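**Q** next come a sequence and a model predicted from it.
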Amino acid sequence: MLFCLFFEVMRKKIGIGILVMTLLFMAVYFYVYKDHRNISTEEESYTMDVKTLFSAYQNNETAADSKYLNKTIVVNGAVSMVSIETQSVVLDEKLFAVFSTKLVSGIRIKSNLKIKGRLIGYDSLLEQIKMDQCVILN
């Protein structure tokens, strides 16, 4: 009798343990494999020119990171460099932007460009702001 009661309690504990482990596995799985962000359709958090954004990083890098890092931002500025091979553009010599789609060859140096992308950081050695997943808005 005591033996049967012991096995009944153990069976319930094992069942509850399996249920908890399954729920934990599912939670971790859905956290790790969540959908990727689509920056081009995402609503922007901030809109500004490159000089304003760069000034924020020059004044206080930590505060600027907490405000802008990993956010969708729309920036505008003058094109300083274009690289069709690497699909990148430099605006106002201060913002390095990598595009998610192929760049058109019509982008000219010193032309005004408005882009939307995700801010991924500030390189204090090169004094450049970095963005990725960018798209051209104008």
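**A** Looks like it arrived, so ask away.

**Q** show me what contacts Ile84?
**A** By CB atoms under 8 Å, 6 or more residues apart in numbering, the contact set of Ile84 is 103, 105. Using the backbone N, CA and C atoms, a C-beta is placed for each residue, glycine as well.

**Q** against Arg108, how distant is it?
**A** Using CB to CB, to the nearest Å, Ile84 is found at 12 Å from Arg108.

**Q** now do the helices in the chain.
**A** Remark: helices assigned in the chain by DSSP state H are 2-32, 50-59, 61-68.

**Q** weakest of these by average pLDDT?
**A** Among the helices of the chain, helix 2-32 has the lowest mean pLDDT, at a mean of 81.

**Q** so how far is that helix from its chain's centroid?
**A** Counting by CA atoms, centre = their mean, to the nearest Å, helix 2-32 is centred 37 Å from the centre of its parent chain.

**Q** which strands or helices does that helix pack on?
**A** Counting contacts by 3 or more CB pairs under 8 Å, 6 or more residues apart in numbering; DSSP states H and E, helix 2-32 packs against no other helix or strand.

**Q** which non-adjacent residue is nearest Met48?
**A** Distance criterion CB to CB, 6 or more residues apart in numbering; nearest residue to Met48, sequence neighbours excluded, is Val75 at 6.1 Å.

**Q** please parse the protein into its domains.
**A** Annotated domains of the chain cover 1-34, 46-136 [automatic domain parsing].

**Q** of those domains, give the one that comes closest to Ser40.
**A** In terms of CB to CB, the element of these nearest to Ser40 is domain 46-136, at 4.6 Å.

**Q** what's the first-to-last distance across the closest one?
**A** 16 Å (CA to CA, to the nearest Å).

**Q** burial count for the nearest residue to Ser45 once chain neighbours are set aside?
**A** Spatial nearest neighbour of Ser45, excluding adjacent residues (CB to CB, 6+ apart): Lys71 at 4.2 Å. Number of residues near Lys71 (other CB atoms under 10 Å) recorded here: 13.

**Q** right, I'll call it a day here.
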